[in-house]
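J.: Here is my input, please return the structure:
(one chain, ligands or ions: 2)
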Amino acid sequence: MNDGNGMSDDCAIIYSDAYQKYELSPWHPMKPVRLLLTAELIRAYGLTGSEDGNATVRVLEPRQATDAELALVHDKAYIEKVRELSVPGARDADGMSWGLGTGDNPIFEDMHEASATIAGGALAAAEAIMAGELAHVFHFGGGLHHAHRARASGFCVYNDVAIAAASLKQQHDARVLYLDFDAHHGDGVQERFYDDPRVMTVSFHESGRHLFPGSGFTGQIGEGEGEGYAVNLPLEPGTTDEIFLKAYDDLVPPLARAFAPDIIITQNGCDAHWDDPLTHLALTVSGFQELARRQHRLAHEVCGGRWLASGGGGYQAFSVVPRAWTAHTAAMAQVELEEELPEGWRRLCRERSGAEAPRYLTRDDQPPAIDRATLDRAHDAAAAATMEIKQTVFPILEAG
Ligand SMILES: [Zn+2]
Ligand SMILES: [Zn+2]
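T.: Residues are numbered from 1 along each chain as shown. Ligands and ions are numbered 1, 2, ... in the order given. As a prediction, this is how the structure comes out:
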């Protein structure tokens, strides 16, 4: 594709059935079927794998990250423990101090391989972009932003987005802008780069006063040389598309222009959706698509289009996640999709969920009425936090 100024604008998704192995348990809220249904919906719309071979969006295969690559973020002893607990019959109790074998992060067979494949997917995407083969890649199996240096957390074992950012810095001396729009604070990525002025982390999320992991307040702006290079926008329950997009417009483009990245990595978890069972924000699929269009424009404006987008949270596996991430893919590829979801995909969705499938991509996607007081609180909190960031972070970037 061509974006009108002669710039190559090729894009891809990364997906393979290997991602179905990242199933923490059969009852776990993070269901890998959401990735399968996303890939199938993108395909059913004809974005990938068209008969004549003229697909708009290529499909890349992930690879497995090496131990040295994982060690860009994780302790070697932690990687060894993950591997040790990946064999059948391993005992949960051995992993507790590493965050493994908990309710959020049960151990599972092939845990190391499945997690290293997601990290490798992010690395493959980053390499293709830096080589100039692709402008935009959407790695919706990635975005495991809670994994820490030596501890699994929040459904995340290896932090693929932090590993990709660290590798870009190591291999290409790249300045990386990391934008995280998951409903939960991107704590693992922030922690890895908290004192690093070459990787700027920006996280929009439901306030830690209400939601896991309980961090990400406006006062957390980085430390040492990294002061001013971590930005946190905590949001209140009931935050709508309008409030979210206004905060994006006020903060993200000016931060990106001041920082001047070589590449943008985004975490596009869709658990800020109003119907998500784990969170209390009130975004819609139209809102996510509009957000994706803005990120797309920004990447072209500030870093030659280099944009690695990732998935993340999203716990309405059947009715929301495939729609949100297909809408994101359409924004990345600059195509308009029919509102009616393809019938073949709806049949597959019904088979897998045992329930009625959604009918439309964005239509009929409205949160139940939100009372005035909640809306006012959400609006005021976002405005106040935005103002505070402008006063604390912007002067540091302007001076630097
Ligand atoms: Zn583009
Ligand atoms: Zn989340």
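
J.: what about the residue nearest to residue 220 when sequence neighbours are not counted, which helix or strand?
T.: Among residues not flanking residue 220 along the chain, residue 232 sits closest, at 5.2 Å (CB to CB, 6 or more residues apart in numbering). Using the backbone N, CA and C atoms, a C-beta is placed for each residue, glycine as well. Assigned by DSSP states H and E, residue 232 belongs to strand 230-235.

J.: What helices and strands are in contact with the following helix or strand past that strand?
T.: Once strand 230-235 ends, the next helix or strand along the chain (criterion: DSSP H and E) is helix 241-259. Here helix 241-259 touches strand 176-180, strand 199-206, strand 230-235, helix 285-303, helix 372-399, going by 3 or more CB pairs under 8 Å, 6 or more residues apart in numbering; DSSP states H and E.

J.: Enumerate the positions of helix 241-259 that are buried.
T.: Buried residues in helix 241-259, counted by 16 or more other CB atoms under 10 Å: 241, 243, 244, 247, 248, 250, 251, 252, 255, 256, 258, 259.

J.: now those residues as TSV including pLDDT?
T.: Putting the buried residues of helix 241-259 into TSV (pLDDT from 0 to 100) gives the following:
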residue	pLDDT
241	98
243	98
244	98
247	98
248	98
250	98
251	98
252	98
255	98
256	98
258	97
259	97
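
J.: tell me which of those residues is nearest to ligand 1?
T.: residue 256 (15.2 Å; CB to the ion).

J.: so who does that closest one touch?
T.: 177, 264, 298, 301, 302 (CB atoms under 8 Å, 6 or more residues apart in numbering).

J.: give me that answer again for 6 Å
T.: 177, 298, 302 (CB atoms under 6 Å, 6 or more residues apart in numbering).

J.: Name the nearest residue to the last one, ignoring sequence neighbours.
T.: Read it as residue 302. residue 256 (4.8 Å).

J.: what about residue 60, how many neighbours?
T.: When neighbours are defined as other CB atoms under 10 Å, residue 60 has 18 of them.

J.: shouldn't residue 331 be in contact with residue 294?
T.: No - look at residue 331 against residue 294 with CB atoms under 6 Å: they stay out of range, at 8.8 Å.

J.: Between these two, which has more neighbouring residues?
T.: residue 331 (24 against 16).

J.: Confirm that that one sits in a strand.
T.: No - applying DSSP: H, G, I helix; E, B strand; the rest coil, one finds residue 331 to be helix, outside a strand.

J.: The residue nearest the centre of the chain: what's it in contact with?
T.: Residue closest to the average C-alpha location in the chain (CA atoms, centre = their mean): residue 267, at 2.3 Å. The neighbours of residue 267, taking CB under 6 Å, 6+ apart as the test, are 143, 145, 161, 180, 182, 310, 312.

J.: which of the residues you listed lies closest to ligand 1?
T.: residue 310 (16.9 Å).

J.: Quick check, the residue in this protein closest to ligand 2?
T.: residue 313 (2.6 Å).

J.: just checking, that residue touches residue 181?
T.: No - Residue 313 is not in contact with residue 181 according to CB under 6 Å; the separation is 10.1 Å.

J.: Which residues are in contact with each of the two?
T.: Joint contacts of residue 313 and residue 181 (CB under 6 Å, 6+ apart) do not exist.

J.: Measure how far stretch 347-358 is from the centre of its chain, please.
T.: Distance, stretch centre to chain centre, for stretch 347-358: 25 Å (CA atoms, centre = their mean, to the nearest Å).

J.: now do stretch 40-50
T.: For stretch 40-50, the distance to the chain centre is 21 Å (CA atoms, centre = their mean).

J.: could you give me the average pLDDT of it?
T.: Average pLDDT, stretch 40-50: 91.

J.: can you check stretch 146-153 too?
T.: Per-residue scores along stretch 146-153 average to 98.

J.: and it, is it in reach of ligand 2?
T.: No - judged by CB under 5 Å from the ion, stretch 146-153 stays clear of ligand 2, getting no closer than 8.1 Å.

J.: Just the buried positions in that stretch, please.
T.: 146, 147, 148, 151, 152, 153.

J.: and the protein, which residues reach ligand 2?
T.: 182, 183, 184, 269, 271, 313.

J.: Any chance of CSV for these, columns pLDDT, secondary structure and distance to residue 388?
T.: Output for those, formatted as CSV (pLDDT from 0 to 100; DSSP: H, G, I helix; E, B strand; the rest coil; distance: CB to CB, whole Å):
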residue, pLDDT, secondary structure, distance to residue 388
182, 98, coil, 21
183, 98, coil, 21
184, 98, coil, 21
269, 98, coil, 24
271, 98, coil, 25
313, 98, coil, 25
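
J.: Of those, which is the nearest to residue 99?
T.: Lowest distance from residue 99 to those (CB to CB) belongs to residue 184, with 15.4 Å.

J.: how close does the closest one get to ligand 1?
T.: 28 Å (CB to the ion, to the nearest Å).

J.: Need phi/psi at that residue.
T.: As for residue 184, its main-chain torsions (degrees, to the nearest 10) stand at phi -100, psi 150.

J.: same check, this time on the one 5 residues further on
T.: Main-chain torsions, residue 189, degrees, to the nearest 10: phi -70, psi -40.
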